[in-house]
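Colleague: let's see this in three dimensions:
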Amino acid sequence: MNFDLTEDRQMLQDSLRRYLADKYPIEHRNDVAYESPYHDPAKWSELTELGALYALAPEDKGGMGGTGFDIAVVFEELGRVISPEPVLGALMASRILSHTEADQTDLLAGTTRMAVGLGEIDAPYDLDSIEATAKANGDGYTVSGRKSCVYGGQAADTILVAARLDGKLAVLKVSAKEADVTSYAMMDGGGAAEALLDATPAELVLADAAEAIQDAINAGIVALCAEAVGAMEVLHAMTVEYLGQRKQFGRAIGTFQALQHRAVDMLTEIEQSRSIVIKAAAELGGSDASRYCSMAKNLIGRAGRLVAEESIQMHGGIAMTWEYPGSHYAKRIIMIDAQLGDTDYHLARVAAAA
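Modeller: Residues are numbered from 1 along each chain as shown. Below is the predicted model:
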């Protein structure tokens, strides 16, 4: 099989890598990731001008990509600088809207920022347990409930909310100004929000939306897994460089065979992770997409933890400091495991499917 990127995707990757390497050094990333609005609005505008969001939607919906591989290219580059920009919310919103005839021009241009409210306190991952409800109200609708960990919700103009409507799972559009939105930084930086809805005015987007929501979740999983691969590659390179510089007993610790083997084990896990991301990306939108996405998320969760822990151990005390970039990469890799279903949740899904 040929795993080389197409010419268009290679150009997109090169453009994003140059831009992010120049505009998102770790010091700037940490300055904006932990302070409201938990990203850099100016860099968001520049990122959208590069066409990053257009790569996330198919051509017939106004984009220029929309496949699993397009998504993976964008998010791997974001992972290499652990960018806190709210691209995940935009991706998942676009994926849901792609199941409708809705105009995505403003979303893909970055002028309207969207997030997706799925998880709840008692149903962080399980769609069947969603309790938020929607009701018809004259010519419109209202929605009530609480949505937790709305990724990108702190910066969103509009939130797409999953709620029960006439016994089915529907998606409704809510203005962030109409909802009670509480913003916060996640453990690793970057923003999320809690959205409280109490008979909040809403516009129906999709009445029978279970399939569209699952497709959006699958796309989000591919994105997160690709982001993790990008972050793991940088953290591994950082570790190998440190092993070549740090000296003990009169020589570089990278010459010690035990540490060389551990570094190779890290690389092996990263390559396995890349392989499963390729498979999940290839299956996105197909009948087996959910199964392969769960397999990818489970493997990435386990591999990411190993890479993060090994890097910290081989760096020693410096890896625990705020100033050293490795600590922030390790936190982001671990945090990815908790988003859209953790290792144990997706292992259970794979087992159930078998």
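
Colleague: helices or strands up against the longest helix along the chain?
Modeller: Using DSSP state H, we find that the single longest helix of the chain is helix 210-245. The contact analysis (3 or more CB pairs under 8 Å, 6 or more residues apart in numbering; DSSP states H and E) places helix 210-245 against helix 68-80, helix 87-97, strand 168-175, strand 251-252, helix 257-283, helix 289-315, helix 325-338. C-betas here are computed from N, CA, C, even on glycine.

Colleague: what angle separates that helix from helix 257-283?
Modeller: For helix 210-245 against helix 257-283, the angle by axes from the mean of the first three to the mean of the last three CA atoms, to 10 degrees is 160 degrees.

Colleague: I'd say Val171 and Ala209 touch.
Modeller: Yes. Using CB atoms under 8 Å, Val171 is in contact with Ala209, at 4.3 Å.

Colleague: buried residues, the longest helix of the chain. List them.
Modeller: By 16 or more other CB atoms under 10 Å, the buried positions in helix 210-245 come out as 212-236, 238-240, 242-243.

Colleague: could you tell me how many residues sit around His99?
Modeller: 18 (other CB atoms under 10 Å).

Colleague: can you offset everything so residue one is 3?
Modeller: Noted, 3 is the first residue going forward, which turns the last one into His101.

Colleague: what residues are shared contacts of Val173 and Ala211?
Modeller: Taking CB atoms under 8 Å, 6 or more residues apart in numbering as the contact rule, Val173 and Ala211 both touch 98, 164.

Colleague: what about the two, which has more around it?
Modeller: Neighbour count, other CB under 10 Å: between Val173 and Ala211, Val173 has more, with 29 against 25.

Colleague: show the pLDDT at the more buried one.
Modeller: pLDDT for Val173: 98.

Colleague: for it, name its beta-bridge partners.
Modeller: For Val173, the beta-bridge partners are Ala164, Leu208 (DSSP bridges).

Colleague: spit out the contact partners of it.
Modeller: 98, 162-165, 206-208, 211, 214-215.

Colleague: OK, contacts around His41?
Modeller: 34-35, 86-88, 157, 192-193.

Colleague: confidence score at the residue of the chain most remote from its centre?
Modeller: Farthest-out residue of the chain from its mean C-alpha position, per CA atoms, centre = their mean: Gly252, at 43.2 Å. Note for Gly252: predicted pLDDT of 84.

Colleague: again with the one 4 residues further on
Modeller: Per-residue confidence for Gly256 comes out at a pLDDT of 84.

Colleague: which residue packs closest to it, ignoring adjacent ones?
Modeller: Leu245 (3.4 Å; CB to CB, 6 or more residues apart in numbering).

Colleague: and if you look at His238?
Modeller: Met268 (5.1 Å).

Colleague: tell me how far that neighbour lies from Gly65.
Modeller: Met268 sits 35 Å away from Gly65, going by CB to CB, to the nearest Å.

Colleague: ok, now Phe71?
Modeller: 14 Å.

Colleague: could you do Met316 as well?
Modeller: From Met316 to Gly65 the distance is 41 Å (CB to CB).

Colleague: how many neighbours does the residue lying closest to Gly232 once chain neighbours are set aside have?
Modeller: Using CB to CB, 6+ apart and skipping the chain neighbours, the partner closest in space to Gly232 is Gly81 (2.9 Å). For Gly81, the count of nearby residues is 26 (other CB under 10 Å).
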